[in-house]
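[1] below is the sequence, then the predicted model.
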Amino acid sequence: MKISVEYFGQLQHITGIRNESVELADGSVVNDLLNQLAQSYGDRFREFVFNADGSLRKSIPVVINDRQISYGESVSFQDGTRVMILSPIAGG
Amino acid sequence: MLNITGRPLTDEERAIYEWQMWVPGVGEAGQELLKGASVLISRAGGLGGVVAYELAAAGVGRIVLAHGGNVNHSDLNRQLLMTYDSLDTPRVESAKKRLNELNPFIEVVAVPEHVNEENAEDLVGQVDIVIDCAPLFTERFLMNRESVRQNKPLIECAMYDLEAQITTFIPGQTPCLACLHPENPPAWKRKFPVFGAVSGTVGCLAAMEAIKLITNIGTTLAGTLLLMDLRDMEFRRVSISRNPECPVCSSSVS
């Protein structure tokens, strides 16, 4: 299946792009998607979204079809699913 | 709904606020609520300075600014309450001076330090609404914790590059900052790319959220995160969820 992925904040700087279509295996979950993206974008991406033990960083909100999913929430992707990977940002 | 007691206007204040009192739902009663309201803004930089300036212009009666340090050259691309002449002087004094030049009829409380563990409870306790414009998540989490504890709305705004985000947290009704970011993001750095026009954009929106909360007009961003990408002027609304295990707000949500 094919889904769309958008990157925000620092992740745009890390990936060098703002959005893309991603081909994903059936049955994939959020961690599978992020691992696949980490293989494409390297250690900087991996360290941004994953802890050293491979668990997803809780500070990175993931939005699926305009709804933020809870940490650990099981979400199944479908063809055309829209994913936003947000970066924590602040003021100054 | 906030429990704000309105304060009567003078004839001069009626003249100043005439145009906004024409907004349906505001009127003199709404303006009296603005005069009776108090807000905490941390900090008064690119983002908070614009929030403060708009709320001073709107006649919010008491504005508490918490911001430590002196004005630097690198502040001047976005921190509109700081001036070249105020370089190397306390930021919060420059901000207070500018606000009172615009509106001498409001009270501006200049706190020459950032929100911290020692002052957070007291600063949040002084006001009706908290507006989080701080660059560090340690400060943001402190304001969030105190806002939840003291049942105060927290307007949360942020920017990076040409992007900005804003939402309004209402204790007991919406997620809180710790639901959105359950832990301190390790990759976040205090210095980052941004234009003043980006911080100014989201600062104006934050001021509008405060005005709506005070005057009970319109619909706030409670439960919604507004994402703005000013590179292509794309604005999106995202539904944000409460974390049922949030260590900060889960016990306060009914």
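    That came through, no problem. Numbering: from 1, shown residues only, chains lettered A, B, ... in the order given.
[2] hang on, B:N184 packs against A:A90?
    No. At 11.0 Å, B:N184 does not count as touching A:A90 under the criterion of C-beta atoms under 8 Å. Where C-beta positions appear, they are placed from N, C-alpha and C, glycine not excepted.
[3] list residues touching both of these two?
    Counting by C-beta atoms under 8 Å, 6 or more residues apart in numbering or on different chains, the common neighbours of B:N184 and A:A90 are B:F137.
[4] low pLDDT regions in the stretch 151-254 of chain B?
    By pLDDT under 70, the weakly predicted segments of the stretch 151-254 of chain B are B:252-254.
[5] re earlier: tell me which of B:N184 and A:A90 has more neighbours.
    Neighbours were tallied for B:N184 and for A:A90 using other C-beta atoms under 10 Å in any protein chain shown; the higher tally belongs to A:A90 (25 against 14).
[6] show the contacting residues for the more buried one.
    When contacts are counted by C-beta under 8 Å, 6+ apart, A:A90 is found next to B:A134, B:P135, B:L136, B:F137, B:R140, B:A158, B:W188.
[7] the fifth one: neighbour count?
    Just to be clear, that refers to B:R140. The number of residues packed around B:R140, counting by other C-beta under 10 Å, is 25.
[8] okay but it is in contact with B:I131, surely?
    No. Contact criterion C-beta under 8 Å: B:R140 and B:I131 do not qualify, at 11.3 Å.
[9] show me where chain A has helices.
    Counting by DSSP state H, the segments of chain A that form helices are A:10-15, A:30-41, A:43-49.
[10] quick one: B:I16 from chain A, how far?
    Remark: distance between B:I16 and chain A (C-beta to the nearest C-beta, to the nearest Å) = 28 Å.
[11] pull the contacting residues for the nearest residue to that residue once chain neighbours are set aside.
    Of all residues not flanking B:I16 in the chain, B:G59 sits nearest, at 7.1 Å (C-beta to C-beta, 6 or more residues apart in numbering or on different chains). Contact analysis of B:G59 by C-beta under 8 Å, 6+ apart lists B:E13, B:I16, B:Y17, B:Q31, B:L34, B:K35, B:N103, B:F105, B:I106.
[12] could you look up the SS state of the third one?
    In the three-state summary, B:Y17 is assigned as helix, counting by DSSP: H, G, I helix; E, B strand; the rest coil.
[13] so what's the residue count around it?
    Other residues lying near B:Y17 total 20 when counted by other C-beta under 10 Å.
[14] got the contact list for it?
    Remark: with contacts taken as C-beta under 8 Å, 6+ apart, B:Y17 is in contact with B:L9, B:Q31, B:L34, B:A58, B:G59.
[15] if we use 6 Å, what do you get?
    Contact partners of B:Y17, counting by C-beta atoms under 6 Å, 6 or more residues apart in numbering or on different chains, are B:Q31, B:G59.
[16] now the fourth one
    Applying C-beta under 6 Å, 6+ apart, one finds that B:Q31 lies in contact with B:Y17, B:M21.
[17] tell me if it really is in a strand.
    No. With three-state DSSP as the criterion, B:Q31 is helix rather than part of a strand.
[18] from chain A, how far out is it?
    Distance, B:Q31 to chain A, using C-beta to the nearest C-beta: 28 Å.
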